[in-house]
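[1] what's the 3D shape of this:
(chains A and B)
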2 protein chains.
Amino acid sequence: MTHAPAPAAPAGETPRRGRPGYDRETLLSVCVEVFNVHGYDATSMGTLSKHLGISKSAIYHHVASKEEILEQALARALDALEEVLAGAAAAEGPAVARLEQVIRGTVRVLVEQMPYVTLLLRLRGNSEVETRALERRRTVTRRVGELIEQAQAEGAVRDDLSGRSAARLLLGMINSIVDWYRPEAGDTTDQLADTVVGLAFSGLRAP
Amino acid sequence: MTHAPAPAAPAGETPRRGRPGYDRETLLSVCVEVFNVHGYDATSMGTLSKHLGISKSAIYHHVASKEEILEQALARALDALEEVLAGAAAAEGPAVARLEQVIRGTVRVLVEQMPYVTLLLRLRGNSEVETRALERRRTVTRRVGELIEQAQAEGAVRDDLSGRSAARLLLGMINSIVDWYRPEAGDTTDQLADTVVGLAFSGLRAP
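    As a prediction, this is how the structure comes out:
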């Protein structure tokens, strides 16, 4: 038997890291890791090339620029968050149930797409790509605020605070997950979502 | 009358920006602004010099390095947060009242020291100064968790979630304030604190 060189991994499979033959998916995930450690602005294509173990021109085979990597990574997070809202908008039932669905779905996206959402949450808006992403993020917040207002109109949510402030504080609580939650710590995502839903609707006070 | 050149601003007064004669306070506040826009790692002493309108050597008159500016700025945020906890620890009364005191105090610090806390919350831990600051931040979270556990032991806070998770989610909600709250929008800090305390203890559900 002859030892032929390993074929390039077909699309959809994950090749080993540090090897040539990256698929777009793995390249994206390594780059996002580097952005999250060093900051997007402080990361050069040279730094990415070193971490990927491939030349800059090999990176340019996949993407036109560092900004295109950022754009794709942000789309990953934003598409997932918007999908959660679309699912809730399409659902039947009272607004408060759809709000719970949004909370659970958002927690799930944060855990499953953690590096991509982390990148999104740390954006400063220093370029057009960043500004557009922040605008999509603001729209998500606004729609959560509208859902809270519907739940207020139905009498299920207290009306002594604005839907917009409530949405921001609620999403602030949920977004903090990317800073401290580590899936390997034992809890499942469902347990985490239960905790967040419990706190969001009933607060800390003992019943 | 002769027009004598304006004297350098005495310590404690705020000289106009872009002029020589910065006091340490103003220098710190301009640098923190720049760090928050561009990211600490991506900001050079040259960038700071341009924004301050003074030479690098004039900056070195005040501080030994960029990292010393970071350290002083982080101390500003951390000292204020730790003072809130110390105040609550010294107070009489049940843990749940002291927890409310911590929530109100933390909201106030976030509003009053917003640029400094923003810098703290965006740290990645890429140097010893950052690591030490993150350790102090973790200690703050741990102490809030312990206060929640005391309130649980007193029966005032529900005990179906760990003090540590509750502290992280609660502080996550509070910390989001630096991302969206703008004091000029009409609300006072006390109103914001009322909203946060209400959500934290009673949640969104209509009573």
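
[2] residue closest to the middle of chain A?
    Central residue check for chain A by Cα atoms, centre = their mean: the C-alpha nearest the mean position is that of A:V117, 2.6 Å away.

[3] So for A:A8, what's the pLDDT?
    According to the prediction, A:A8 has pLDDT 42.

[4] cool, and A:E184?
    69.

[5] any idea how chain A splits into domains?
    A:24-63, A:73-202 (automatic domain parsing).

[6] do you know which of these lies nearest B:V84?
    domain A:73-202 (18.5 Å; Cβ to Cβ). Just so you know, the C-beta spots here come from the backbone N, C-alpha and C atoms, and that holds for glycine as well.

[7] That closest one: how far from the chain's middle?
    A distance of 10 Å separates the C-alpha centroid of domain A:73-202 from that of its chain, computed with Cα atoms, centre = their mean, to the nearest Å.

[8] mind listing what A:V96 touches?
    A:151, A:154, A:156-157 (Cβ atoms under 8 Å, 6 or more residues apart in numbering or on different chains).

[9] Which members of these are positioned in helices?
    Counting by DSSP state H, the contacts of A:V96 place A:A151 in helices.

[10] So the residue nearest to the centre of chain A sits against A:V107, correct?
    No - using Cβ atoms under 8 Å as the test, A:V117 is too far from A:V107 to be in contact (10.8 Å).

[11] Tell me where the model's unsure across chain A.
    Across chain A, the ranges flagged by pLDDT under 70 are A:1-21, A:184-186.

[12] mind redoing it with 80?
    Within chain A, the ranges that satisfy pLDDT under 80 run A:1-22, A:183-187.

[13] Which residue ranges of it form helices?
    Counting by DSSP H, residue ranges of the helices within chain A are A:24-38, A:45-52, A:56-62, A:66-90, A:95-112, A:114-121, A:128-153, A:163-175, A:177-180, A:189-202.

[14] Now do the fifth one against helix A:189-202, angle only.
    Note on geometry: by axes from the mean of the first three to the mean of the last three Cα atoms, to 10 degrees, helix A:95-112 and helix A:189-202 are set 140 degrees apart in direction.

[15] With the second one instead?
    Angle of helix A:45-52 versus helix A:189-202, following the same axes, to 10 degrees, is 130 degrees.

[16] Present the helices of chain A as TSV; the columns should include distance to B:S176.
    Formatted as TSV, the entries for the helices of chain A read as follows, by distance: least, Cβ to Cβ, whole Å:
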stretch	distance to B:S176
helix A:24-38	19
helix A:45-52	30
helix A:56-62	35
helix A:66-90	16
helix A:95-112	14
helix A:114-121	10
helix A:128-153	10
helix A:163-175	2
helix A:177-180	11
helix A:189-202	13
